[in-house]
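Asker: The sequence isn't on hand, but the structure is:
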């Protein structure tokens, strides 16, 4: 719990740094072009297709009639937009995760290392190519899981449970690997994964729910259509900032766990990191302490 909270507050404080704010804009450029293009060419045809699909589901129509009889008929008017939003959101999240992994994660990891973990030796448990393959592999697995679970998303409770679980698992698998890529050996990375799996998965699920928050920006169908050009960049920037926070959180946690693991084996120094970061922005490189 201490490590969980310590890394959380440090990541939150680091997100306020101008460097991190600028880095969060990098994926925005790519995702903005992609989203605007897809929205311009496919928004109306997609609405028509989803509306036809929903109309063909007798059970769903019965539920809509039941809601309308009880004064909740307004839900039917935005159902199509909500289905599209909840279907597109995971795709945007996955693309954002890829962009963060390829464009932001190395810079964010270096930022944390320079300010807190310069004393950790580098064992090069992986390469940039292996990181790319790892990210692509788990991303494909997450996309497959999303496709398989897609029918569950029309059930209101599961709509808010299944996607964050998948995003959380994906974030946990990708972010930990990137955080430990240069410093941990394969054996150390596997040991950390076994010891901290529960906390790391919890971090992934929590950040998965945070990644779903921008969907609230799109929740109004009419307003979304009127302010598409404004809301899409805003939502994608929030995604990028959330993933920057996610990367920082996993990096602080993973490297601190590696430091603790090596301290247990008398490989590196003990006590190089600060306690709870009341002033985490003041983290600075320290002189290398003596080996014990």
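Answerer: Nice, thanks for sending it over. Only a predicted model underlies this, so the values are computations on that prediction, with no experimental measurement involved. Residues are numbered from 1 along each chain as shown.
Asker: CA only for contacts and neighbour counts going forward, please
Answerer: OK.
Asker: For the protein, which segments count as helices?
Answerer: Using DSSP state H, the helices found in the chain span residues 2-14, 18-23, 26-55, 58-69, 74-99, 105-116, 128-149, 156-159, 162-180, 186-195, 197-212, 221-226, 228-264.
Asker: Which positions in the second one come out as buried?
Answerer: Going back to what we said before, that points to helix 18-23. 20-21, 23 (16 or more other CA atoms under 10 Å).
Asker: Ok, the first one next?
Answerer: Judged by neighbour count (16+ other CA under 10 Å), helix 2-14 contains these buried residues: 4, 6-14.
Asker: Compute the inter-axis angle for it and helix 105-116.
Answerer: Orientation check (axes from the mean of the first three to the mean of the last three CA atoms, to 10 degrees): helix 2-14 against helix 105-116 gives 110 degrees.
Asker: Let me know the angle separating helix 2-14 from helix 228-264.
Answerer: Using the same axes, to 10 degrees: helix 2-14 against helix 228-264 is 140 degrees.
Asker: Counting neighbours, what do you get for the residue nearest to residue 132 when sequence neighbours are not counted?
Answerer: In this structure, residue 132 finds its nearest non-sequential neighbour in residue 102, 7.6 Å apart by CA to CA, 6 or more residues apart in numbering. Using other CA atoms under 10 Å, residue 102 has 17 neighbouring residues.
Asker: ditto for residue 37
Answerer: Count around residue 37 with other CA under 10 Å applied: 12.
Asker: try the one 3 residues further on
Answerer: Residues lying near residue 40 (other CA under 10 Å) number 10.
Asker: Please apply the same query to residue 118.
Answerer: 17.
Asker: Ramachandran angles for it?
Answerer: Main-chain dihedrals, residue 118, degrees, to the nearest 10: phi -60, psi -20.
Asker: Distance-wise, check it relative to residue 7.
Answerer: With distances taken as CA to CA, to the nearest Å, residue 118 is found 17 Å from residue 7.
Asker: now swap in residue 36 and tell me
Answerer: From residue 36 across to residue 7, the span is 35 Å (CA to CA).
Asker: Show me the shaky parts of the stretch 101-250 of the chain.
Answerer: Scanning the stretch 101-250 of the chain for pLDDT under 70 picks out 101, 212-233.
Asker: cutoff 90 now
Answerer: Applying pLDDT under 90 to the stretch 101-250 of the chain flags the ranges 101-109, 116, 118-190, 193-194, 197-198, 201-202, 204-244, 246-247.
Asker: Report the spatially closest residue to residue 131, excluding sequence-adjacent ones.
Answerer: Closest residue to residue 131 apart from its sequence neighbours, by CA to CA, 6+ apart: residue 178 at 6.6 Å.
Asker: looking at it, the one you found is touching residue 132, isn't it?
Answerer: No: contact criterion CA atoms under 8 Å: residue 178 and residue 132 do not qualify, at 9.4 Å.
Asker: Just want to know which of those two has more residues nearby.
Answerer: residue 178 (27 against 15).
Asker: quick one: the more buried one and residue 145, what's the gap?
Answerer: Distance from residue 178 to residue 145, by CA to CA: 22 Å.
Asker: Same question for residue 264.
Answerer: Here residue 264 is placed at a distance of 38 Å from residue 145 (CA to CA).
Asker: again, but for residue 169
Answerer: Using CA to CA, we find residue 169 at a distance of 11 Å from residue 145.
Asker: So which of these two has more stuff around it?
Answerer: Per other CA under 10 Å, whichever of residue 169 and residue 145 has more neighbours is residue 169, with 20 against 14.
Asker: Can you give me every residue that contacts that one?
Answerer: 201, 204-205 (CA atoms under 8 Å, 6 or more residues apart in numbering).
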